[in-house]
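A.B. asks: Provided below are the primary sequence and the corresponding predicted coordinates.
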Amino acid sequence: MGATSGTGLSGRSVVVTGAASGIGRAAALRFAAEGARVVVADLNADGAGSVVDEIRSAGGTAVAVTGDLSDGAVVDEVVATAVDTFGGIDVLVNNAGVMDSMSAPVDVTDAEWDRVLRINLTAPFLLTRAVLPHMLSAGGGAVVNTASEAALRGSAAGTAYTVSKHGLLGLTRSLAVMYRDQGIRANAIVPGGTMTGIATGLEVDREAHGPAVLGRYMVNMGRISEPEEQAAAIVFLASDAASSVNGVVLPVDNGWSAV
């Protein structure tokens, strides 16, 4: 796999979380096609290994790290693997996430709240915090976060997921402002409906308060996108083509956010 365009990504070290499937997998493959060296991070060991094999079979460079990214020890392993194997970290893509059960506040259990916030918001923060010293010492880097249409409104998911993705935009903007003079850019994509295997890990009660309300609003979703369409936006934001793009929240939703 060699670089296919003027993205400036060839030879760079990229960490993609949730890279065993869906948007993360598509992003990892696209970065590798641009000549980047990719750390494929995911809880699913078999899926992560399969993506690494796919990249290597096409002539690219990749390594897998598996584990729960809300665990500090796993975060340390991801960072150490990137630094030891590829010499540093130039790009971080915080893509891993889980859905909630579409619950309204009165229906959200402590367990659901803790799980969704831990995976969707705490894990990206922990990994970002761990990566920043390496980017700062190298004179720059790029962080791209996968948010959601739920980050722009209150009618696209349940309470826990909505709060987690609003928080992720706050993290993105805080990073953009605090590190822009040190060569670090932070941006987020806002996917609309996308053909992925994102899991809730929870049973959705269609008679509960959340689903009963949200069903009235989901009709505006429009066309379901492919993971590769989301990956294209991620790679653009991480590339030199977006060298002055910082703090941007980019909807990739076929106009859903414009409705």
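C.D. replies: Yep, that arrived. Just so we're clear, the structure is a prediction, and the values are computed from it rather than from any experiment.
A.B. asks: and A62, what does it touch?
C.D. replies: A28, A32, R37, V38, V39, V40, V51, V52, I55, R56 (CB atoms under 8 Å, 6 or more residues apart in numbering). Every C-beta, even on glycine, is put in place using the N, C-alpha and C of the backbone.
A.B. asks: among the residues you listed, name the buried ones.
C.D. replies: Buried members of those, scored by 16 or more other CB atoms under 10 Å, are A28, A32, R37, V38, V39, V40, V51, V52, I55.
A.B. asks: so where do the strands sit in this protein?
C.D. replies: Assigned by DSSP state E, the chain shows strands spanning 13-17, 37-42, 61-66, 91-94, 141-146, 184-191, 249-252.
A.B. asks: touching the fourth one from outside, list them.
C.D. replies: Residues outside strand 91-94 that contact it (CB under 8 Å, 6+ apart) are 9, 12-17, 24, 27, 31, 36, 123-124, 127-128, 131, 135, 141-146, 168, 234, 238.
A.B. asks: only the buried subset of those, as a PyMOL command please.
C.D. replies: Buried members of the contacts of strand 91-94, defined by 16+ other CB under 10 Å, are picked up in PyMOL with:
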select buried, resi 9+12+13+14+15+16+17+24+27+31+36+123+124+127+128+131+135+141+142+143+144+145+146+168+234+238
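A.B. asks: ok, I89 - contacts?
C.D. replies: S13, V14, V15, V79, A82, V83, V131, H134, M135, G141.
A.B. asks: ok, the second one to L132 distance?
C.D. replies: What it means is V14. From V14 across to L132, the span is 16 Å (CB to CB, to the nearest Å).
A.B. asks: show me what contacts R173?
C.D. replies: Neighbours of R173 in contact, by CB under 8 Å, 6+ apart: A186, G247, V249.
A.B. asks: low-confidence stretches in the stretch 1-150 of the chain?
C.D. replies: Within the stretch 1-150 of the chain, the ranges that satisfy pLDDT under 70 run 1-5.
A.B. asks: mind doing that once more with 80?
C.D. replies: 1-6 (pLDDT under 80).
A.B. asks: which residues in it form helices?
C.D. replies: Counting by DSSP state H, counting those that start in this stretch, the segments of the stretch 1-150 of the chain that form helices are 22-33, 45-57, 72-86, 110-117, 123-138.
A.B. asks: need these in JSON lines with distance to M178, can you?
C.D. replies: What follows is the helices of the stretch 1-150 of the chain, written out as JSON lines (distance: least, CB to CB, whole Å):
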{"stretch": "helix 22-33", "distance to M178": "25"}
{"stretch": "helix 45-57", "distance to M178": "31"}
{"stretch": "helix 72-86", "distance to M178": "20"}
{"stretch": "helix 110-117", "distance to M178": "22"}
{"stretch": "helix 123-138", "distance to M178": "10"}
